[in-house]
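**Student:** how would this look folded up:
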Amino acid sequence: MSAVSLAVPAVAPDPAILVVDDNPVKRVALRAMLVPLGYAVVEAESGRVALTALERQAFALILMDVRMPILNGFETAKLCRRQIRGARTPIIFITAQGGDEGEVASAYASGAVDFIFTPVLPNVLRAKVTAFVNLYLQSQALQRSLESITTLNGALRDSDVRTQAVLDNVADAIFILDEGGVIDAINRSVGRLFGYHAGEPVGHPFAFMIAPECRDALRGLDAVLTRARGTPNLSTETLGRRADGSTFAVELECGEMQHDERTFTLVCVRDISERRAHTDALEHLALHDGLTGLANRTLFGDLLARSLASARRADEPRAVLMMDLDGFKNINDTLGHDRGDTLLKQVGERLVETLRESDTVARLGGDEFAILPAEATDLQSAVAVALKIQQACELPFTTNGETMHVSPSIGIARFPEHGTTSAELLHRADLAMYSAKRAGDGHAVFVVGQETNTADHLSLLQDLGRCVSRDELVLHYQPKIALATGRITGVEALVRWQHPSLGLLSPGRFMPEVERTHLIAPVTRWVLETALRQQRLWRDQGVDLTMAVNVSARSLRAASTLPEAVAELTQLWGTARGRLTLELTESALIGDAAEAVLSRLHAMGQVLSIDDFGAGYSSLAYLHRLPVEEIKIDRSFVMNLASVSDDAIIVRSTIELAHKLGLRVIAEGVEDADAARILVEYECDEVQGYHYARPAAAEDLWELLANSDGIATAGCA
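**Tutor:** Numbers count the residues shown, from 1 in each chain. Next up is the predicted model:
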């Protein structure tokens, strides 16, 4: 009898990722984020090119933009599903956060398996891509195992010896079951995976190999095996049971074969413990805050929705508490973001220690936390929770031997009095929190009408209406340093409000209100005139600097008078072309009239700069169609440049891309010498940050400006 010759399956090609986006800048950014994974990346600039690529090769995963011309993402996905290579390829859509429910439904109907929302976080992107690539590799390996099983089917017709030879050369555990589900034969891998001696499981029902608690979930193993007959490669996941009683995650692949006149069931068992652990870790990453380990906004929203559904059925009250930390911004700005992050971790730990194990604590972002007390919660109980939190935060926090004090402001909203949906309760708890902050009481319960009619809110608006006429606004200036020469080449004007009773207020305390009202025009004009006047004074003293002023989205609307104001004021103060820079956030660029207003400003010789570049992913698109001359890389990528490799990749790629497009690059948020050194290496044009100089009043900045030759040395000391 001749020996059985087992064909070794060819080694599968390396997995490849298909990136489909009509915007080349986005494709470059995604490729840069995927570089550390080592996978091949194929780019397609349209749906048609993507379909052509699928005809040539198989891909482990497709990353696709939703909004593309001619064939959009949904249409392309449907056509992919009609191709042999694209029928089962996972498709992840990349789209803006907060798409409507109809768009989500269309995405899944077209074949999507997941979403990635912009701005794209490199860690999340790589985690999801890695998970799907691993699934692809697992499926390829499983397919090779099943091909071996097909070989086994032919061998069974010839010889039991050949059958065993095939079985013993398959890495997965293989069981051959008779018509009653009893184990008739096994391969060697059964002993390795399950811990049994040779032949020990033979003669027992296959259910003996499944964890008892999972047998009912499978609706009985006999039913599974019955469904397998006539249904090739039926797959399911469950828990296997080892000889010592321990359990582990397995995947079962069932198929049918004929031998003589008998029908056998082949069960291929694969250990997926590692894959399951990776999936669990990925799910945890998606639902928990990366800094504190607490629930994130997504998980908190889901738990709140479930709690409200339970409350409706039981006709019970519920409460939601929102809190942030008074004094946190000052700590973050003065001691650095590392200390700020440490403080946030300690606050999260203290909240968990203070509250019940059944209560939910979440970090929603920044220094904002949310608490969902378990079970029914009346007003008295909710206030008691707030008081416990306030008391817990009275004790100081310590990091690196330094003591820090913060106090919480807590807002309380109750179901059903203050709202019946998650969104309503979170919004009203947030309003109550700001009411508590303004009053300085530590906590406040939402009051109907608080959205628009609180006395504090009206008082602030009234004060804002008079801040320009009362000459209460002041400007501070932060220098910009040219890395090539180490000299100060310009400054950015930053507005502050010297409130008569509240003291010096940062822009975050009042500019959101200004931007929502007609006050934006007079405030913007005041900032421009004051900044250009100061620029002229410095120029007359022999220091010629560029002046950068931030521009609000409201200033770029159709009825905007910004171009006229700029023309008048630059002429009044003799500002030369190219010496005034207008810094624009991404939100300022997306209005319908923005392009026309910016084109007028550019034609007048003003420099246009995109501020906080990278914080809004789609801002890359504006580099093509708007007359932008420079970009400012967002501080979130620069602050940890020397310690976070992802940030370094993004910063370097952004600088290279900008320079290829003929744009200058400024890095803001430079706080240490290592970041400065790296930016020099990356050939960044200019920098701003506390490492060089903090924002200061004009008179306090004069000595530094007059001796700017030494700024590079002083900054790196």
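
**Student:** can you give me the helices for the stretch 201-350 of the chain?
**Tutor:** 212-215, 221-228, 273-287, 297-314, 328-335, 337-354 (DSSP state H, counting those that start in this stretch).

**Student:** quick one, phi/psi of residue 32?
**Tutor:** phi -60, psi -40 (degrees, to the nearest 10).

**Student:** ditto for the one 3 residues further on
**Tutor:** The main-chain torsion angles of residue 35 are listed as degrees, to the nearest 10 and equal phi -50, psi -40.

**Student:** nearest spatial neighbour of it, skipping sequence neighbours?
**Tutor:** Nearest non-adjacent residue to residue 35, counting by Cβ to Cβ, 6 or more residues apart in numbering: residue 649, 6.9 Å away. In this view, the C-beta of every residue, glycine as well, is placed from N, C-alpha and C.

**Student:** surely that neighbour is in a helix?
**Tutor:** Yes. Counting by DSSP: H, G, I helix; E, B strand; the rest coil, residue 649 falls inside a helix.

**Student:** residue closest to the middle of the chain?
**Tutor:** Note on the chain: the residue nearest the mean C-alpha position is residue 121, at 4.3 Å, using Cα atoms, centre = their mean.

**Student:** low pLDDT regions in the stretch 601-717 of the chain?
**Tutor:** Along the stretch 601-717 of the chain, the parts satisfying pLDDT under 70 run over 615-622, 708-717.

**Student:** helices of that one, residue ranges please.
**Tutor:** 622-625, 635-638, 645-660, 673-681, 698-706, 711-715.

**Student:** among those, which is nearest residue 28?
**Tutor:** Residue 28 lies closest to helix 645-660 among the helices of the stretch 601-717 of the chain, at 6.3 Å (Cβ to Cβ).

**Student:** wait, what's in contact with residue 321?
**Tutor:** Counting by Cβ atoms under 8 Å, 6 or more residues apart in numbering, residue 321 touches 370, 371, 372, 373, 382, 385, 386, 389, 410, 411, 412, 429.

**Student:** sorry, wrong one. I was asking about residue 701.
**Tutor:** Neighbouring residues of residue 701 by Cβ under 8 Å, 6+ apart: 477, 479, 491, 693.

**Student:** return the subset of these lying in strands.
**Tutor:** 477, 479, 491 (DSSP state E).

**Student:** among those residues, who's most crowded?
**Tutor:** residue 491 (28 neighbours; other Cβ atoms under 10 Å).

**Student:** in contact with that residue, which residues?
**Tutor:** 477, 478, 479, 480, 545, 546, 547, 548, 701.

**Student:** possible to save those residues as TSV with distance to residue 51?
**Tutor:** What follows is the contacts of residue 491, written out as TSV (distance: Cβ to Cβ, whole Å):
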residue	distance to residue 51
477	54
478	50
479	53
480	47
545	54
546	49
547	51
548	46
701	59
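
**Student:** which stretches of the stretch 251-400 of the chain have low pLDDT?
**Tutor:** In the stretch 251-400 of the chain (pLDDT under 70), the answer is 260, 333-334.

**Student:** related to what we said a few turns ago, so which of the helices of the stretch 201-350 of the chain comes closest to residue 496?
**Tutor:** That would be helix 328-335 among these, by Cβ to Cβ, at 13.3 Å.

**Student:** return the member of the ones in strands among the contacts of residue 701 nearest to residue 61.
**Tutor:** residue 479 (45.7 Å).

**Student:** is the closest one bridged to anything, and to what?
**Tutor:** With DSSP bridges applied, residue 479 shows beta-bridge pairing to residue 491.

**Student:** circling back: got TSV for the helices of the stretch 601-717 of the chain, with distance to residue 171 too?
**Tutor:** Listed next are the helices of the stretch 601-717 of the chain as TSV, based on distance: least, Cβ to Cβ, whole Å:
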stretch	distance to residue 171
helix 622-625	50
helix 635-638	44
helix 645-660	35
helix 673-681	46
helix 698-706	68
helix 711-715	59
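
**Student:** for residue 107, grab the count of nearby residues.
**Tutor:** 23.

**Student:** before we move on, what about residue 71?
**Tutor:** Neighbours of residue 71 (other Cβ under 10 Å): 19.

**Student:** list the contacts of the nearest residue to it once chain neighbours are set aside.
**Tutor:** Closest residue to residue 71 apart from its sequence neighbours, by Cβ to Cβ, 6+ apart: residue 47 at 3.0 Å. By Cβ under 8 Å, 6+ apart, the residues touching residue 47 are 20, 68, 70, 71, 72, 73, 75, 76, 79.

**Student:** what separation do you get for residue 47 and residue 265?
**Tutor:** Using Cβ to Cβ, to the nearest Å, residue 47 is found at 43 Å from residue 265.

**Student:** quick one: contacts for the residue nearest to the centre of the chain?
**Tutor:** Applying Cβ under 8 Å, 6+ apart, no residues contact residue 121.

**Student:** what distance do you get for residue 408 to residue 242?
**Tutor:** Distance of residue 408 to residue 242, given as Cβ to Cβ: 49 Å.

**Student:** these two: which is more packed in?
**Tutor:** Comparing residue 408 with residue 242 by neighbour count (other Cβ under 10 Å), the higher total belongs to residue 408, at 25 against 14.

**Student:** whichever strand or helix holds residue 74 packs against which elements?
**Tutor:** Applying DSSP states H and E as the criterion places residue 74 in helix 73-81. For helix 73-81, the elements it packs on are helix 47-56, strand 61-65, strand 91-96, helix 101-110, judged by 3 or more Cβ pairs under 8 Å, 6 or more residues apart in numbering; DSSP states H and E.

**Student:** just want the angle from it to strand 61-65.
**Tutor:** Angle of helix 73-81 versus strand 61-65, following axes from the mean of the first three to the mean of the last three Cα atoms, to 10 degrees, is 150 degrees.

**Student:** could you dump helix 73-81 to PDB, C-alpha only?
**Tutor:** The C-alpha trace of helix 73-81 is given here as PDB (Å, rounded to 0.1, in the frame of the first residue of the first chain):
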ATOM      1  CA  GLY A  73     -18.700  54.800  -0.500                       C
ATOM      2  CA  PHE A  74     -22.100  53.100  -0.100                       C
ATOM      3  CA  GLU A  75     -22.400  52.400  -3.900                       C
ATOM      4  CA  THR A  76     -18.800  51.200  -4.100                       C
ATOM      5  CA  ALA A  77     -19.300  48.900  -1.100                       C
ATOM      6  CA  LYS A  78     -22.300  47.300  -2.800                       C
ATOM      7  CA  LEU A  79     -20.400  46.700  -6.000                       C
ATOM      8  CA  CYS A  80     -17.500  45.200  -4.000                       C
ATOM      9  CA  ARG A  81     -19.800  42.700  -2.500                       C
END
